[in-house]
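1. Here's a sequence, model it:
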Amino acid sequence: MGRYLGLIVKATRLCNLRCAYCHDWRSGPNQTMSFPVLAHLTARALADPAHQAVEFIWHGGEPTVLPQSFYERAVYLQARLRRPGQTIRNSLQTNGTRIDRSWARFFREFQFTVSVSLDGPPAVHDRYRRYVSGRSSFDDVRRGLDALRDNGVPVSVLMVIDRKALELGPDPIFDFFAAEGITSYGLLAAKPTNQPDAAPGTPTAHYVTPAEMGRFLRAYFDRWLAHGDPAIRVREFDGLLNRLSDRRSNVCTLAGDCFGRYYLVEPDGEVAHCDLFVGDPAYTLGNVLTDSFTAFRHGPALVRLRDSNDRALAAMRDCPEFGVCNGWCPHERYIASRHDPGFTGDCCGLRELVQHMRERLAVTASAP
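-> Below is the predicted model:
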């Protein structure tokens, strides 16, 4: 099986929202990817013989502030530069506010999968996800979701769990998604802006610790399990259930081998490991205008990051659930080591959730 390459492409850093916890948007000039950068990125990614399956994960800012013609050029380049037998996928993360029938038909025609950011019920969503003007965005997101579903586009939802969501609790959130007919979604803990030089235990805003998120997910799992509808797919549970069944995880956070497989590509062509470490120069690897993916994979920056990750994983191997979590996401450890007073290097933070899922599944399996 060929090597997978995930490209998190910041087509633009411009955005029409100002979400309270977000640090991905930028304003001003030079925040949109030029055609030369797009062409170099596509050529270098598809020409590398190690890349048998390539996914272009279009991010922002808000990627739909760009015209559809940008993505038409992107898929044209992919078609022209694709090697025989090479698999190409396109997915897009959007705030959903600009999605209409035209966008939905475009995504369907070119077989994009789409994930929409929706932070649950209006009282939670509109607390965090507002327009530049301060106007709420919930109704526009719902219209965007309807347009996608009405036009047969595969769509999922991503919800960020911040303080308001923790206060509301799992049951109203689960009920909201069920009432909206949303059956595929992820639940992502809020993360602060990266502070590379922060001392351990530094307080910070918009940070839900692994322990807090674990409590929320344990209760959410209980509700999901009691509901009993296998058509409802929660990304975090799907990934762990696969690992508990000795299958490969379908989410990168549990794969244990993300270095050299996922890259962030900025509008100016700068390349870094993943988009979660933005703001930390230690994770910058080069630029697609001048460097190859072979150079990224074997360059000194990625070698240092791999070595550091290997040392962190070695410290966790005695954890009884290490075989399930594979050390979890490196960015979880990156943030926790700086801002979580309860951080310890011998556990990634998922042990209690994994053990809870094991226990609940065993009880369910033994029930008459």
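2. residue ranges with poor pLDDT in this structure?
-> In the predicted model, the chain carries pLDDT under 70 at residues 1-2, 366-368.
3. Quick one: the strands in it, in order.
-> Using DSSP state E, the strands assigned to the chain run over residues 3-10, 51-59, 87-94, 113-117, 155-161, 184-189, 233-234, 262-265, 270-273, 284-287.
4. list the contacts for Pro36?
-> Applying C-beta atoms under 8 Å, 6 or more residues apart in numbering, one finds that Pro36 lies in contact with Leu289. Yep, even glycine has a C-beta here, placed from its N, CA and C like the rest.
5. Now do it against Arg44, distance only.
-> 12 Å (C-beta to C-beta, to the nearest Å).
6. and what of Tyr4?
-> Counting by C-beta to C-beta - Tyr4 and Arg44 are separated by 16 Å.
7. Which one's more surrounded, the two?
-> Arg44 (21 against 18; other C-beta atoms under 10 Å).
8. Spell out which residues sit in contact with the more buried one, please.
-> Counted by C-beta under 8 Å, 6+ apart, Arg44 has contacts 288, 292-293.
9. So what's the residue count around the closest residue to Leu7 other than its chain neighbours?
-> Nearest residue to Leu7, sequence neighbours excluded (C-beta to C-beta, 6 or more residues apart in numbering): Phe56, at 5.3 Å. The local packing of Phe56 (other C-beta under 10 Å) involves 24 other residues.
10. Tell me how many other residues surround Leu125.
-> Just so we're on the same page, residue 125 is His rather than Leu. His125: 25 neighbours (other C-beta under 10 Å).
11. Pretty sure it sits against Ser137.
-> Yes. Under the criterion of C-beta atoms under 8 Å, His125 makes contact with Ser137 at 7.3 Å.
12. Let's see the helix with the most length in the chain as PDB, backbone CA atoms only.
-> Identified as the longest helix of the chain according to DSSP state H is helix 210-227. Provided in PDB are the C-alpha atoms of helix 210-227 (Å, rounded to 0.1, in the frame of the first residue of the first chain):
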ATOM      1  CA  PRO A 210      -7.500  16.600  28.600                       C
ATOM      2  CA  ALA A 211      -9.100  15.800  32.000                       C
ATOM      3  CA  GLU A 212     -12.000  18.200  31.400                       C
ATOM      4  CA  MET A 213     -12.500  16.900  27.900                       C
ATOM      5  CA  GLY A 214     -12.300  13.300  29.100                       C
ATOM      6  CA  ARG A 215     -15.100  13.800  31.600                       C
ATOM      7  CA  PHE A 216     -17.200  15.400  28.900                       C
ATOM      8  CA  LEU A 217     -16.600  12.600  26.400                       C
ATOM      9  CA  ARG A 218     -17.200   9.800  29.000                       C
ATOM     10  CA  ALA A 219     -20.700  11.200  29.600                       C
ATOM     11  CA  TYR A 220     -21.200  11.800  25.900                       C
ATOM     12  CA  PHE A 221     -20.200   8.200  25.200                       C
ATOM     13  CA  ASP A 222     -22.700   6.900  27.800                       C
ATOM     14  CA  ARG A 223     -25.500   8.900  26.100                       C
ATOM     15  CA  TRP A 224     -24.400   7.800  22.600                       C
ATOM     16  CA  LEU A 225     -24.300   4.100  23.700                       C
ATOM     17  CA  ALA A 226     -27.700   4.400  25.400                       C
ATOM     18  CA  HIS A 227     -29.200   5.900  22.300                       C
END
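13. Check which helices and strands that helix sits against.
-> Secondary-structure packing of helix 210-227 (3 or more C-beta pairs under 8 Å, 6 or more residues apart in numbering; DSSP states H and E): helix 163-168, helix 170-179, strand 184-189, helix 235-244, helix 351-366.
14. how about these in TSV, adding distance to Thr202 and mean neighbour count?
-> As requested, the helices and strands packed on helix 210-227 are arranged in TSV below (distance: least, C-beta to C-beta, whole Å; neighbours: other C-beta atoms under 10 Å):
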stretch	distance to Thr202	mean neighbour count
helix 163-168	18	17
helix 170-179	29	16
strand 184-189	17	20
helix 235-244	26	19
helix 351-366	24	14
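15. Can you give me the end-to-end span of stretch 19-28?
-> 18 Å (C-alpha to C-alpha, to the nearest Å).
16. Report the buried residues of it.
-> By 16 or more other C-beta atoms under 10 Å, the buried positions in stretch 19-28 come out as 19, 21-22, 25-26.
17. and it, how far from the chain's centre?
-> 16 Å (C-alpha atoms, centre = their mean, to the nearest Å).
18. Could you shift the numbering so residue one becomes 899, and keep it that way?
-> Okay, residue one is now 899; in that scheme the one you just asked about reads as stretch 917-926.
19. Show residues contacting that stretch.
-> Counting by C-beta under 8 Å, 6+ apart, 908, 911-913, 915-916, 957-960, 993, 1015, 1025-1028, 1058, 1060, 1088-1092, 1104, 1173, 1176-1177 sit against stretch 917-926.
20. Would you list the buried entries among the residues you listed?
-> With burial judged by 16+ other C-beta under 10 Å, the buried subset of the contacts of stretch 917-926 is 908, 911-913, 915-916, 957-960, 993, 1015, 1026-1028, 1058, 1060, 1088-1090, 1092, 1104, 1173, 1176.
21. Just the ones of those residues in helices?
-> Per DSSP H, these map to helices at Tyr1026.
22. All set now, cheers.
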